[in-house]
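Engineer: fold the following and give me the result.
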Amino acid sequence: MNYFFGFFFLALFCVGCNEKKAEVKPEKSATGEAEFKMYEMSEMAMLMEQMFSYNVHLRNRILSGEELGEFPEHFEKITVAMTTDVDDRDLFFEEHAQEFLKAQKRIYTDPENAEKNFDVMVQSCLACHAKKCGGPIPRIKKLLIAPQSE
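Structural biologist: Numbers count the residues shown, from 1 in each chain. Coordinates of the predicted model:
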């Protein structure tokens, strides 16, 4: 039993270490000396973190049959939030952002099909991230209510 808890805490520690929120990177100053700068998340990265967290809770409400509430209006900022790389905001991104918003809103307008609509919303995230930024894909897949076979 002690081995189980030891393994559990070791695994938890390793997983926690893999998700970096802030990273310190040395850069060369004008004098050639290493200078450290703290990584700051872009407005889009912060918004997507908020959307992920919100949707974790929404998924739980759907599965437990609780009231879903209302569409979070601040999600609309996905169409204007500053991205880390300005080149990421292109026609592909704009189309997928609109698709995401439609899918997210459908969860609230058609609550009888909330589970299906939720998974459609998650799939819209995965479709965009498959082309733009693949890093969060494993995390996003965990949101799926009916996980897809690979």
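Engineer: now do the contacts for Gly69.
Structural biologist: Applying Cβ atoms under 8 Å, 6 or more residues apart in numbering to Gly69 gives the contacts 61, 108. Every residue, glycine included, has its C-beta placed from N, CA and C.
Engineer: next, it: phi, psi?
Structural biologist: Per-residue torsions, Gly69: phi 80, psi -150 (degrees, to the nearest 10).
Engineer: can you list contacts of the longest helix that the chain contains?
Structural biologist: In the chain, with assignment by DSSP state H, the single longest helix is helix 43-64. Residues from elsewhere that reach helix 43-64 (Cβ under 8 Å, 6+ apart): 41, 66-69, 72, 74-75, 77-78, 81-84, 88, 107, 114-115, 118, 121-122, 136, 139-140, 143, 145.
Engineer: which stretches of the protein form helices?
Structural biologist: Going by DSSP H, the chain shows helices at 2-18, 43-64, 91-109, 114-131, 137-141.
Engineer: let's have the ones you listed in CSV, adding distance to Lys37.
Structural biologist: Compiled in CSV, these are given as follows (distance: least, Cβ to Cβ, whole Å):
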stretch, distance to Lys37
helix 2-18, 21
helix 43-64, 16
helix 91-109, 27
helix 114-131, 26
helix 137-141, 26
